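[1] coords below, sequence missing:
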């Protein structure tokens with residue numbers, strides 16, 4: 001569970017360069033809209049701030065009249081049975097100390113903002129998916145490898161024997177187009193088994 005000390009994060013973002021700077025709470029919510037996290041704010045909701053149900057994946061929580069987000073976050077940690085799974089995003093050293101004392105983890109706002117920037121970049125510019133190799137098909141490289149293993153292509157050694165049968169009866173390198181079904185049937189697989 002990721003809990004963000006929202007006003008602390010907004011303050012940290014205001015001092016940074018880049019696209020995630022000078023944000024309002026609503027803009028922060030827009031930036032984090034695809035993430036699953038809890039934003040905790042001091043006091044009560046102000047008229048221009050988003051409502052609790054404006055974002056499907058975000059949980060917005062105001063601490064209440066006269067209460068700080070720090071106290072609300074500590075209460076959330078205290079009431080959780082999975083404290084080790086909680087990570088609190090804040091630069092407030094006292095809050096970091098309090099949640100760590102309870103067994104939760106703390107993450108500096110700068111690190112969160114860097115990760116958020118990376119996450120948003122990857123969302124906008126996903127890496128091209130490598131085409132899946134169909135089951136049962138071999139690549140050219142795999143074919144060449146096994147052709148070398150079975151002696152139908154020259155190995156990387158400079159002194160490869162001439163095509164034909166070696167004294168041990170193992171087929172020596174030959175060109176692929178020279179192979180017949182009889183050549184393939186004549187491969188003694190017991191030579192390769194130990």
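    Cool, got the structure. Only a predicted model underlies this, so the values are computations on that prediction, with no experimental measurement involved. Numbering: from 1, shown residues only.
[2] By mean pLDDT, which helix or strand of this structure comes out lowest?
    Ranked by mean pLDDT, DSSP states H and E, the weakest helix or strand in the chain is helix 181-185, scoring a mean of 64.
[3] Tell me both backbone torsions, phi and psi, for residue 60.
    Torsion angles at residue 60 (phi, psi; degrees, to the nearest 10) stand at phi -100, psi 130.
[4] How about the biggest helix by length in the chain, which residues are buried there?
    The single longest helix within the chain, with elements called by DSSP state H, is helix 109-124. Residues of helix 109-124 classed as buried by neighbour count (16 or more other Cβ atoms under 10 Å): 109, 112-113, 116, 120. No exception for glycine: its C-beta is placed from N, CA and C like everyone else's.
[5] What's the local residue count around the nearest residue to residue 112 once chain neighbours are set aside?
    Sequence neighbours aside, residue 89 is the residue nearest to residue 112 in space, at 4.5 Å (criterion: Cβ to Cβ, 6 or more residues apart in numbering). When counting by other Cβ atoms under 10 Å, one arrives at 28 neighbours for residue 89.
[6] Same question for the one 10 residues further on.
    Around residue 99 sit 26 other residues, with neighbours defined as other Cβ under 10 Å.
[7] thought it was touching residue 86?
    Yes: counting by Cβ atoms under 8 Å, residue 86 is a contact partner of residue 99 at 7.2 Å.
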